[in-house]
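**Q** Let's see this in three dimensions:
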Amino acid sequence: MLDQVQAPATSNEKLIAHQVVYSGVWRATSAGQYLRLDRNYDDFLASYGELYGKGFKVGSLTSYVRGGVVYYGATFDPNPNPQYLRLNRDLAGMESEYGVMWNLGYRLGAIDGYVNGGKLFFNATFDPGTGGQYLRLHRTYDQFLAEYGELFGKNFKLAALTAYSLGGAVYYSAAYNPNTGGQYLRLGRSADDFRTEFAWMASNGFHLAVFGTYVHDGQTFYNAAYDQGSASQHHALDLAGPRLSKEYGDWWPKNYRLLAVTADKVEALSKTKLAQRISTGLAPHVVGFAAMVGGGGPGSTAQAGSDEGLRRTDADVPVRYASVWARTNVASVSKTITAAATIRALGEHNLSLTTLIHPYLPADWTRGPNVKTITFQDLLAHSSGLRNSGNAHDIDWEGLRGLVADGIVLADKTPSYLNHNYALLRVLLPYLRGFTGSGDRDLGTAQAFLAYVNESVLGPCGIQAVDLKPSSAEPTLCYPFPAGTVRGTDWGDQTRKCGSSGIQISASELVTFLTHLMDKDTILDATQRETMRTLQLGWWNSTAEVRHGSVLGQNGYLWMPTPNGKAEVNTLVLSFSTGVHVGLVINSRVGDGVDYYQVALDAYTKAWTVVG
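**A** Next up, the predicted model:
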């Protein structure tokens with residue numbers, strides 16, 4: 001039903017995270033139905049044969065092309081009558097097939113046109129019938145409208161329609177059946193226009209009878225014919241396959257079944273375009289930033305980055321440009337790394353997330369009221385009940401010790417973001433793994449925590465050992481915005497305050513970490529990854545709905561006063577359900593009115609491109 005014609009974002013870039021985009025219209029009925037999507041030729045024929053034997057025939061037919069291969073989809077409705085299915089006919093073959101079927105007493109039921117390799121092909125079904133019918137193939141817009149008007153005058157109305165883009169022009173193919181009622185035809189509508197007209201038709205006694213889409217110059221357009229009637233209907237447009245399936249499941253118990261489904265297009269994401277759009281949104285509003293994009297599925301190892309501005313201004317010579325390879329304190333983005341380390345360590349010791357933490361606290365720490373009810377999962381989900389009233393306790397050893405001694409109120413065991421939850425994990429993990437150090441246990445546990453992170457979490461990803469303090473002679477510095485003549489800060493040594501913050505890592509390394517964490521068995525196994533994702537452990541930002549799925553996010557923030565306003569570091573990691581990952585480091589305050597999280601989400605939405 002579609003021809004993907006838009007060129008990729010860059011001629012040599014391998015696009016990622018391919019998604020088939022569907023639209024559908026439902027009608028009110030409790031009848032049985034099967035939906036089959038994304039089938040290759042052999043699988044589709046097998047499904048057709050299986051369901052034919054169960055008394056189900058094709059009601060709606062669609063297809064798309066990806067990488068030169070044709071994939072098919074259809075709805076199958078209860079139908080006791082015979083049916084013929086014809087796939088992959090060229091124009092002459094379709095005309096010939098129609099004539100043969102006509103003589104056998106069959107009329108066209110569904111038609112679907114697609115373009116593959118610059119050539120036009122048709123799929124069609126034929127159902128028993130002896131009534132009149134007109135078939136008009138491969139018509140231009142003007143030809144189609146002229147014939148529609150002519151046949152309307154003969155009391156033939158549109159019954160099946162397909163449209164496609166070929167050679168820079170849009171063409172229409174259609175079948176017309178006897179129909180003395182009224183009908184409205186609407187062609188080439190945008191999604192918003194289609195929705196408006198769909199609602200208007202319903203309120204004026206017309207329901208959708210024929211539906212189709214096509215893509216031209218990278219845009220999706222909607223065609224529809226509306227017949228007189230008051231049947232209740234529902235539509236959903238521009239949905240990736242998994243979301244269409246969810247929509248289908250949501251409307252099934254409401255007794256709605258698909259009247260028509262169309263594969264609008266195949267989209268893929270350009271990492272380069274995503275990085276560039278983040279740059280466009282941020283560059284004028286920060287001193288410097290580095291953004292890296294990676295992931296996208298098995299075998300997709302390349303990253304695309306964008307960095308602009310300065311990571312050291314002329315107030316801190318030598319001046320240095322922002323870089324995706326430069327490490328800095330990523331603040332609370334460290335929590336995602338700490339969460340991965342915690343889940344891995346528990347698994348290594350055959351312990352669950354619901355394991356109580358109190359046996360792994362230092363023996364001489366006082367367990368305050370109800371502390372013995374706190375689990376590792378509670379800490380990871382910020383649901384421990386710990387509260388730092390009046391900021392009485394820091395996130396260092398003595399601060400954590402005092403917080404634990406204060407205890408908790410059980411009613412407070414609800415999500416409430418607190419850095420101390422993750423700071424406490426850097427104490428617990430070493431004891432869980434058998435730490436027996438004495439003397440400066442604050443430093444000892446911090447070093448043991450860092451060693452485990454490097455050896456068991458980041459190291460296996462190919463990331464060189466990270467530290468909790470700047471290790472470069474020319475570290476990235478952070479500034480107010482605009483920076484003016486203020487000297488920057490590198491946040492110093494965070495060793496004794498780690499767990500919730502402090503890890504020195506680059507934007508590129510963050511994406512490498514995310515790819516191994518979310519897509520591979522390097523750090524966690526599949527069950528652990530799904531648990532981390534589902535429970536949002538190490539991810540504080542909600543699973544916001546985005547194009548083709550959802551996203552997990554964790555941001556980081558540090559600030560200090562300067563004569564020119566707050567010096568800040570703002571960091572962000574995003575993991576999209578499509579397998580795309582983003583790491584972002586901003587070494588300044590972000591300009592007024594700019595939300596860097598939203599900039600990244602908008603860039604993701606706009607980085608999708610139609611592919612063939």
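
**Q** Any regions of the protein where pLDDT drops low?
**A** For the chain, applying pLDDT under 70 flags the ranges 1-12, 297-301, 612.

**Q** Where do the helices of it begin and end?
**A** 41-53, 91-103, 141-153, 191-203, 241-251, 271-282, 334-348, 376-380, 397-406, 419-432, 441-452, 507-519, 526-534, 596-606 (DSSP state H).

**Q** contacting residues around the residue of the chain most remote from its centre?
**A** The centre of the chain is farthest from one residue, residue 103, which by Cα atoms, centre = their mean lies 49.9 Å away. Residue 103 makes contact with no residue under the criterion Cβ atoms under 8 Å, 6 or more residues apart in numbering. From N, CA and C alone the C-beta is placed, and that goes for glycine too.

**Q** how near is it to residue 96?
**A** 11 Å (Cβ to Cβ, to the nearest Å).

**Q** same thing with residue 133?
**A** Taking Cβ to Cβ, one finds residue 133 at 16 Å from residue 96.

**Q** the more surrounded of these two?
**A** residue 133 (18 against 12; other Cβ atoms under 10 Å).

**Q** Now the more buried one: closest residue in space, sequence neighbours ignored.
**A** Closest residue in space to residue 133, ignoring its immediate chain neighbours: residue 107 at 4.8 Å, by Cβ to Cβ, 6 or more residues apart in numbering.

**Q** Around the closest residue in space to residue 392 that isn't next to it in sequence, how many other residues sit close by?
**A** Nearest in space to residue 392, with sequence neighbours left out and distances taken as Cβ to Cβ, 6+ apart, is residue 402 at 7.2 Å. When neighbours are defined as other Cβ under 10 Å, residue 402 has 16 of them.

**Q** From residue 375, how far off is residue 402?
**A** Taken as Cβ to Cβ, the span from residue 402 to residue 375 is 21 Å.

**Q** What's opposite the nearest residue to residue 544 once chain neighbours are set aside in the beta bridge?
**A** With sequence-adjacent residues excluded and distances taken as Cβ to Cβ, 6+ apart, residue 544 is closest to residue 551, at 5.4 Å. Beta bridges link residue 551 to residue 544, residue 576, judged by DSSP bridges.

**Q** which non-adjacent residue is nearest residue 577?
**A** Closest to residue 577 by Cβ to Cβ, 6+ apart is residue 549, at 3.4 Å.

**Q** just residue 152 next, same as before
**A** Leaving aside its chain neighbours, residue 152 sits nearest to residue 183 (7.2 Å; criterion: Cβ to Cβ, 6+ apart).

**Q** partner residues bridging residue 172?
**A** Bridge pairing for residue 172 - DSSP bridges - gives residue 139, residue 163.

**Q** shouldn't it be in contact with residue 160?
**A** No. At 11.1 Å, residue 172 does not count as touching residue 160 under the criterion of Cβ atoms under 8 Å.

**Q** follow-up on the earlier one: distance of the residue farthest from the centre of the chain relative to residue 97?
**A** Here residue 103 is placed at a distance of 11 Å from residue 97 (Cβ to Cβ).

**Q** Kindly report the same for residue 282.
**A** Counting by Cβ to Cβ, the separation of residue 282 from residue 97 is 56 Å.

**Q** So if we follow the domain assignment, how does the chain break up?
**A** What the record gives for the chain is the domain set 16-269, 271-610, from automatic domain parsing.

**Q** now do the same end-to-end measure for the last one.
**A** End-to-end distance for domain 271-610, by Cα to Cα, to the nearest Å: 14 Å.

**Q** which ones are touching residue 188?
**A** With contact taken as Cβ under 8 Å, 6+ apart, residue 188 is in contact with 141, 170, 221-223.

**Q** coming back round to it: tell me how many other residues crowd the residue nearest to residue 152.
**A** Residue 183: 18 surrounding residues under other Cβ under 10 Å.

**Q** Residue 227 is in contact with that one, correct?
**A** Yes. Between residue 183 and residue 227 there is a contact at 5.5 Å, judged by Cβ under 8 Å.

**Q** Show me the common contact partners of those two, please.
**A** Residues within reach of residue 183 and of residue 227 at once, by Cβ under 8 Å, 6+ apart, are 157, 209.

**Q** Could I get the contacting residues of residue 516?
**A** Contacts of residue 516 by Cβ under 8 Å, 6+ apart are 460-461, 522-523.
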